[in-house]
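> Sequence and predicted structure, then a few things I'm wondering about:
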Amino acid sequence: MYNIKMKDKKFWEEYNKLNKEQKEAVDAIDGPVMVVAGPGTGKTKILTLRIANILRKTDTSPEQILALTFTDSSASGMRRRLSEIIGPSAYRVSINTFHGFANNVIKRFPEEFPRIIGSKNITEIDQIENIEKIILREKLEYLKPSGDPIFYVRSVLQGINSLKREGVSVDGFEKIIKEEEVAFSNIPDLYNKEGVLKTKYEKVKKQINKNKELCLIYKLYEDILAEKRLYDYSDMIMEVLRALSTNKTLLLMLQEEHQYILADEHQDTNNAQNKIIEALASYHGNPNVFVVG
């Protein structure tokens, strides 16, 4: 059992300040736990006390605990609070932002990330310039209005970034669009008696066609990043997610390392980040996942 007796007094001081429900959350060591609470109700405090409690009650080492949050300041604040309870061992607990965690995985296992290793981060200005070049070069009908051919540049960039945040690759987006097309074609009253598309469905068809063009731009944008050895901010998450989905050995190694997973401000997680939590926790039928939000 990991020994933190030197700081037990501080643990009990903080623990005794909790209400009944907060104590239940801290004491729920094993299995999945979700804590739902409003702003300023001590969510991060509960998370750090639970980490301390895991170390008090189990033989888990600090390195086997993974705590994820959203900003560097939140991560450093959580570590500082934890160090007040368990001392220097707080610096052995893996407390990271999601991007920090992804970056550490990439640095530790560079051979698994040939797409991103040795590449440099692309700036937003370069992102816009590359998307502008693609739009001007390609024959597009819906995302290249004749009056202002680059009108949709920022919207396209926002769309690509949103897809990446949701963990949707180019192939995944193509699949979604094909499913939308099938569903659209199966609408029973799609056409009027003259065989003309009904007005109420024209907007839906236009959106599908816009998505098809967005998918093309997304693919060409990714090709440019690969060719120029560049990556954008979301690519770290996407690459780790891809590796966890395709490399069972890597996934098992990381699952073995992280016996307890805790996520602060879970309401802010996007789909890609959530998929990483799910992948790390997927080994056990009753995973030790603790989310606060």
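Good, I have the coordinates.
> Tell me who's in contact with the residue lying closest to residue 212 once chain neighbours are set aside.
Counting by CB to CB, 6 or more residues apart in numbering, residue 177 is the residue found nearest to residue 212 once chain neighbours are left out, at 5.8 Å. (Glycine included, C-beta is placed from N, CA and C.) Residues in contact with residue 177, defined by CB atoms under 8 Å, 6 or more residues apart in numbering, are 208, 211, 212, 215.
> can you list the weak-confidence ranges in this structure?
Scanning the chain for pLDDT under 70 picks out 1-7.
> Mind doing that once more with 80?
Counting by pLDDT under 80, the chain has low-confidence residues at 1-8.
> Could you pull out the helices in it for me?
Using DSSP state H, the helices of the chain run over residues 8-15, 20-27, 43-57, 72-86, 98-108, 124-137, 153-165, 170-185, 199-227, 235-246, 248-257, 271-281.
> returning to that earlier point: now list the buried members of the contacts of residue 177.
With neighbours counted using 16 or more other CB atoms under 10 Å, those contain these buried positions: 211, 212, 215.
> Reformat those as TSV; add distance to residue 103.
As requested, the buried ones among the contacts of residue 177 are exported to TSV (distance: CB to CB, whole Å):
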residue	distance to residue 103
211	31
212	33
215	28
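> Quick check: chain neighbours aside, which residue is closest to residue 82?
Distances taken as CB to CB, 6+ apart place residue 90 nearest to residue 82, at 4.0 Å, with adjacent residues excluded.
> Just give me the neighbour total for the one you found.
23 (other CB atoms under 10 Å).
> What residues does it make contact with?
By CB under 8 Å, 6+ apart, the contact set of residue 90 is 62, 79, 80, 82, 83.
> Please produce a PyMOL select command covering the buried subset of these.
Burial among those is assessed by 16+ other CB under 10 Å; the matching PyMOL selection reads:
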select buried, resi 62+79+82+83
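> nearest to residue 199, of the contacts of residue 90?
Here the nearest of those to residue 199, counting by CB to CB, is residue 79; it sits at 58.5 Å.
> That closest one and residue 96 touch, don't they?
No. Applying CB atoms under 8 Å, one finds residue 79 not in contact with residue 96, separated by 9.9 Å.
> Need the max-distance pair from the contacts of residue 90.
62 and 80 (15.2 Å).
> quick one: contacts for the residue nearest to residue 92 when sequence neighbours are not counted?
Leaving aside its sequence neighbours, residue 92 sits nearest to residue 62 (CB to CB, 6+ apart; 3.7 Å). Counting by CB under 8 Å, 6+ apart, residue 62 touches 2, 55, 86, 89, 90, 92, 93.
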